[in-house]
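# give me a 3D structure for the following:
(2 chains)
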Amino acid sequence: MTGPRTTGYARDVAVVAFAQSDHLRRTDELSEVEMVMPVLHEVLAATGLKAGEIGFTCSGSSDYLAGRAFSFTMTLDGVGAWPPISESHVEMDGAWALYEAWVKIQTGDADTALVYAYGKSSPGSVRDVLTRQLDPYYLAPLWPDSVALAALQAQALIDAGETDEPGLAAIAARSRADAGANPHAQLRGAVPHGDYQVRPLRTGDCPPVGDGVAAVVLAAGDLARQLCRRPAWITGIDHRIEAHGLGLRDLTDSPSTRTAAEHAGLFDAPVDTAELHAPFSSQEVVLRTALRLGDGVTINPSGGALAANPMMAAGLIRIGEAAARIHRGASDRAVAHATSGPCLQQNLVAVLEGDRA
Amino acid sequence: MTAASPPEVLRAPLVVEFPFTRSLGPVQSAFLTGLREGVVLGVQASDGRVVVPPVEYDPVTSEEIRDLVEVATTGTVTTWAWNDRPRPNQPLDTPFAWALVRLDGADTALLHALDAPGPDAVRTGMRVRIRWAAERTGAITDIACFEPCDATTAPQSLPAPHDGIFREAVTGIVAEARLDYVYSPGRAQTGYINALSERRTVGERCPSCHKVYVPPRGACPTCGVATTDRVEVGPAGTVTTFCIVNIKAANLDIEVPYVYAHIALDGAGLALHGRIGGIPYDQVRMGLRVEPVWTEGGRYPDHYRPTGEPDAEYDAYKELI
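So this is what the prediction gives:
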C-alpha cells in the first residue's frame, strides 16, 4: 500500500468517518443538542473512539438561525464538554470548522478531531435572516434576500451565454434524481420545477430550507489507518474570499474558488468526483468552470445542496460525502467545495484521496 | 389501536430586534451625506477604476483609498432579477426588479430596486436613473429606487473630482433590524416548563453517571449522552452559595438589597438559581433550607423562603456548589 500523494504539509491528515442526520423541513420537537447528539454518537461509533479520546473539537453554526446568542454552547453538552475539552467554534459553515481542526492537527497539538455543524433554520425565515450577513451600510438596509441575490447571478450567467433556464432546470433535475440514492436528503426524485421565486430562478433552482446536522472525524498518519480501512486523505485544502461589494465582482466567475483550488493542488491530477456546495442551480455552472470539471467527473452524486441544504452544515456535508465515497472505494481522488455568503462570496476547496491498492 | 401521539412541544413567538449604531469613516460618510444632497460619489481605485458605492480599501491592493469623484445619477443595468413578491422592508412593496446598476462615470455597479411595470420592461443594458426619496437622511435608502429613463439621455461629463465636503456631514447610521422567529425549546425543556405549570420541578437523570440535571437540556455534558429518565425534584432545597444584590435592575420591582442564591433542590445533581425572600438579607447562609413560593398565576417560583428546618450539613451539599 502506498500513502497519499505528497502534500508538503507537516502531517498527513484524513477524514476517517462521516455521519449526518436526515434533513427535514422542521424539527420542532428537538432542541439543538437533541438534534446533534445522535449524529455525534454515530460518527464516533464508526471510529470506535470515545468522546474523551478526541484531541480537538470544532463546530460550525450561526446564532442568527436560532435567534439566540451563544446557541453553540448548548450543543457542547452533546460532546461531553466536562471536564473541559479542547474546543472551538466558527460562526460559519462546518467546512471552515474542519479547516481550523485540520490546522490544529498540523501544528501537532492534536492527533484526532471531531468536527460538527448544524443548522436549525425552521424557527425563522431564512431568506430574511441571511440579509443580516450583508454589508450593513449599502446592502442590509435594502433587505435583498438570498434568493434575489442568487437570481442576479443567474441572470448574469444567462446574459453571458453560460447557461439558460432549461440548462438550470436540468441541473436541478439531475440533483434531485441522484438524491434518490441518498436516504438523508430532504428533496428526492422528481421535483416540480415550479414558479419563479425571483426570476430567472424557479422553485426547483432553489435549495430546500431545512434543519440538519453533519459530523466528521479527522485523524493523522498511522492513527487514521487504524481508525478507517481506507482513509480519505486531505491532500490539499484552502479557502479564499471575494471583494465584499457585489457590484465589484464578475458574478459569472469565481476567482476565489479557482485560487483556492490551485493552492489545494486540484489541477495537479484529475478527479473522479466533485461534491460542490451550490445551493442554487446557477452556482453549479460557475463552480464547474472555476474548478475546470470535465464531463468525466461525477458531480454531486449525493444530490448536493439542491436536495438538502442545512445552513452551516451543507458545506461540511460536501467534504463528508466526498470522503465517504473514498472510504467505500467509489472514488480515488475527489474535490469537495463549500461556500458561505451571497453569490459564492467565500469558497473552500479540499482535495481528498484514497490510498492506491 | 393507534400509537400514542408525541407530547405536544411548546412553541412561542420570539422577536429579535437590534438597532446597531455604526460610525462611517471618511469615505462612507461622504457617500451617504452626498446621497442626502442628491450627489453620488465614488472613489478612485489604484488601477483608475471608479468604485461606486465607494469602498475604503482598494479591492485589489488593499491600500487605503479616498480620492472621491462625483458620478452621474443615470446609469446602465448590468444584471437584474424580477421580484414578484416583495418581502417586508424591501425598497418597494409592489413587484420590482433587483438591479445592479453601473452609474455613468463608474466602473462598478450598485445594487438597488428598479421600479418597472413588469419583467418584460427590464433588460440588461437598459438605461435607468435614480428616483430620490422624498425625505433624505444620509442612508442608502435615500435612493428610493431606480426608474427607466430615455435611452437617448446623454451621459453627463462625469466623473469629476469632489472634495467630499458637505455641511453637517452624516457620521453614523443606525442599522435597525427585526427578525421574527417561532421558538421551540425541544423535548426536554418542554417537559420542564409543562411541569412548572403544575408547580412541580422535574429534571432528567443521566443513564451513565446518574446525575440529575435541572433544568434538563436533554444531554449530560459530562457523558455526552441523552438524559431521558425524568425525575421530580424538590420542592425543598439547600442554599449552596449566594450573593447580595445592592443595585436595582431596570424594570425589576424588587427592593435592594436582596439575596440571589444557588439552590440545590432535593434530589437534583446541580443547583439552579433563585431569589431568597422571607428572611433578612444578612441572615441568609450556606446550608439554609428553602422552599419555593409561587404567586397567583406565576409560571415559575417567585422566590424561595426558609422552611424552618435545621441547616444542611456542609458535606451534604459541598459537591453541588
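
# hmm, stretch A:204-212 touching chain B?
No. Stretch A:204-212 stays out of contact with chain B when judged by Cβ under 8 Å from any Cβ of the partner chain, the minimum separation being 10.9 Å. (C-beta placed from N, C-alpha, C; glycine too.)

# could you export that stretch as PDB, CA atoms only?
Provided in PDB are the C-alpha atoms of stretch A:204-212 (Å, rounded to 0.1, in the frame of the first residue of the first chain):
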ATOM      1  CA  GLY A 204     -36.600  24.000  -8.400                       C
ATOM      2  CA  ASP A 205     -33.500  26.100  -8.800                       C
ATOM      3  CA  CYS A 206     -33.500  26.900  -5.100                       C
ATOM      4  CA  PRO A 207     -32.400  24.800  -2.200                       C
ATOM      5  CA  PRO A 208     -34.900  23.400   0.300                       C
ATOM      6  CA  VAL A 209     -35.000  25.200   3.700                       C
ATOM      7  CA  GLY A 210     -34.400  22.600   6.500                       C
ATOM      8  CA  ASP A 211     -32.800  21.500   9.700                       C
ATOM      9  CA  GLY A 212     -29.800  19.200   9.800                       C
END
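
# tell me the average confidence for it?
What stretch A:204-212 shows for mean pLDDT is 97.

# got it, and stretch A:250-258?
97.

# where in chain A is pLDDT low?
Applying pLDDT under 70 to chain A flags residues A:1-6.

# in it, which spans are helices?
Ranges of helices within chain A are A:32-47, A:63-66, A:72-75, A:94-106, A:126-129, A:146-159, A:165-178, A:221-227, A:255-263, A:281-290, A:314-327, based on DSSP state H.

# just those: most buried one?
Comparing these by mean neighbour count (mean count of other Cβ atoms under 10 Å in any protein chain shown), helix A:314-327 ranks first with a mean of 28.

# chain center to that one, what's the gap?
8 Å (Cα atoms, centre = their mean, to the nearest Å).

# same check, this time on stretch A:202-216
Centre-to-centre, stretch A:202-216 and its host chain are 11 Å apart (Cα atoms, centre = their mean).

# now swap in stretch B:306-321 and tell me
Centroid separation for stretch B:306-321 versus its chain: 41 Å, with Cα atoms, centre = their mean.

# return the set of buried residues in it.
B:306, B:312, B:317, B:320 (16 or more other Cβ atoms under 10 Å in any protein chain shown).

# nearest to A:Ala274 among those residues?
Checking the buried residues of stretch B:306-321 against A:Ala274 by Cβ to Cβ gives B:Leu320 as the nearest, at 53.8 Å.

# which ones are touching the spatially most central residue of chain A?
For chain A, the residue sitting closest to the mean C-alpha position, by Cα atoms, centre = their mean, is A:Gly315 at 0.8 Å. By Cβ atoms under 8 Å, 6 or more residues apart in numbering or on different chains, the contact set of A:Gly315 is A:93-96, A:117, A:277, A:337-340, A:348.

# nearest to chain B among the residues you listed?
Ranked by distance to chain B (Cβ to the nearest Cβ), the contacts of A:Gly315 are led by A:Ala117 at 17.0 Å.

# got a list of what the nearest residue to that closest one once chain neighbours are set aside touches?
Computed as Cβ to Cβ, 6 or more residues apart in numbering or on different chains, the closest residue to A:Ala117 that is not its neighbour in sequence is A:Gly94, at 2.4 Å. Listed by Cβ under 8 Å, 6+ apart, the contact set of A:Gly94 reads A:59-61, A:115-118, A:214, A:312-313, A:315-316.

# tell me how many other residues crowd residue 192.
Just so you know, I chose chain A. A:Pro192: 8 surrounding residues under other Cβ atoms under 10 Å in any protein chain shown.

# that's the wrong chain, I wanted chain B
Residues lying near B:Tyr192 (other Cβ under 10 Å) number 23.

# using the three-state scheme, assign it.
Here B:Tyr192 is recorded as helix under DSSP: H, G, I helix; E, B strand; the rest coil.

# returning to that earlier point: farthest pair in the contacts of A:Gly315?
A:Ala117 and A:His337 (15.3 Å).

# who has more neighbours, the two?
More neighbours surround A:Ala117 than the other of A:Ala117 and A:His337, with 38 against 30 (other Cβ under 10 Å).

# show me what contacts the more buried one?
Taking Cβ under 8 Å, 6+ apart, we find A:Ala117 in contact with A:59-61, A:93-95, A:97, A:213-215, A:312-313, A:315-316.

# then B:Gly234?
B:201, B:265-268, B:291-292.

# tell me how far it lies from B:Pro306.
Remark: distance between B:Gly234 and B:Pro306 (Cβ to Cβ, to the nearest Å) = 15 Å.

# return the member of the contacts of A:Ala117 nearest to chain B.
Set against chain B, the nearest of the contacts of A:Ala117 by Cβ to the nearest Cβ is A:Ala215 (12.4 Å).

# which strand residues bridge that closest one?
Bridge pairing for A:Ala215 (DSSP bridges) gives the partners A:Ala19, A:Tyr116.

# do A:Lys120 as well
In this entry, A:Lys120 is beta-bridged to A:Asp211, by DSSP bridges.

# that one contacts A:Val36, correct?
No. Using Cβ atoms under 8 Å, A:Lys120 is not in contact with A:Val36, being 9.5 Å away.

# still on that earlier bit, now tabulate the contacts of A:Gly94 in JSON lines and tack on distance to A:Ala179.
Compiled in JSON lines, the contacts of A:Gly94 are given as follows (distance: Cβ to Cβ, whole Å):
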{"residue": "A:Ser59", "distance to A:Ala179": "25"}
{"residue": "A:Gly60", "distance to A:Ala179": "23"}
{"residue": "A:Ser61", "distance to A:Ala179": "24"}
{"residue": "A:Val115", "distance to A:Ala179": "23"}
{"residue": "A:Tyr116", "distance to A:Ala179": "22"}
{"residue": "A:Ala117", "distance to A:Ala179": "20"}
{"residue": "A:Tyr118", "distance to A:Ala179": "20"}
{"residue": "A:Ala214", "distance to A:Ala179": "15"}
{"residue": "A:Met312", "distance to A:Ala179": "20"}
{"residue": "A:Ala313", "distance to A:Ala179": "16"}
{"residue": "A:Gly315", "distance to A:Ala179": "17"}
{"residue": "A:Leu316", "distance to A:Ala179": "17"}
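
# which of the buried residues of stretch B:306-321 lies closest to A:Ala150?
So of these, ranked by how close each gets to A:Ala150 (Cβ to Cβ), first place is B:Leu320, at 52.3 Å.

# quick check: phi and psi at the closest residue in space to that closest one that isn't next to it in sequence.
Once flanking residues are discounted, B:Leu320 sits nearest to B:Ala264: 4.2 Å by Cβ to Cβ, 6+ apart. Backbone geometry at B:Ala264, expressed as degrees, to the nearest 10, gives phi -90, psi 100.

# what is the neighbour count of B:Ala264?
Using other Cβ under 10 Å, B:Ala264 has 24 neighbouring residues.

# list the contacts for it?
B:237-238, B:240, B:270-271, B:317, B:320.

# next, count neighbours for the nearest residue to B:Lys211 once chain neighbours are set aside.
Spatially, and ignoring its direct neighbours in sequence, B:Lys211 is nearest to B:Gly269 (3.5 Å; Cβ to Cβ, 6+ apart). By other Cβ under 10 Å, the residues close to B:Gly269 number 22.

# re the thing from before, could I get the helices of chain A as TSV with distance to A:Ala305?
As requested, the helices of chain A are exported to TSV (distance: least, Cβ to Cβ, whole Å):
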stretch	distance to A:Ala305
helix A:32-47	18
helix A:63-66	16
helix A:72-75	22
helix A:94-106	12
helix A:126-129	13
helix A:146-159	11
helix A:165-178	8
helix A:221-227	28
helix A:255-263	15
helix A:281-290	9
helix A:314-327	5
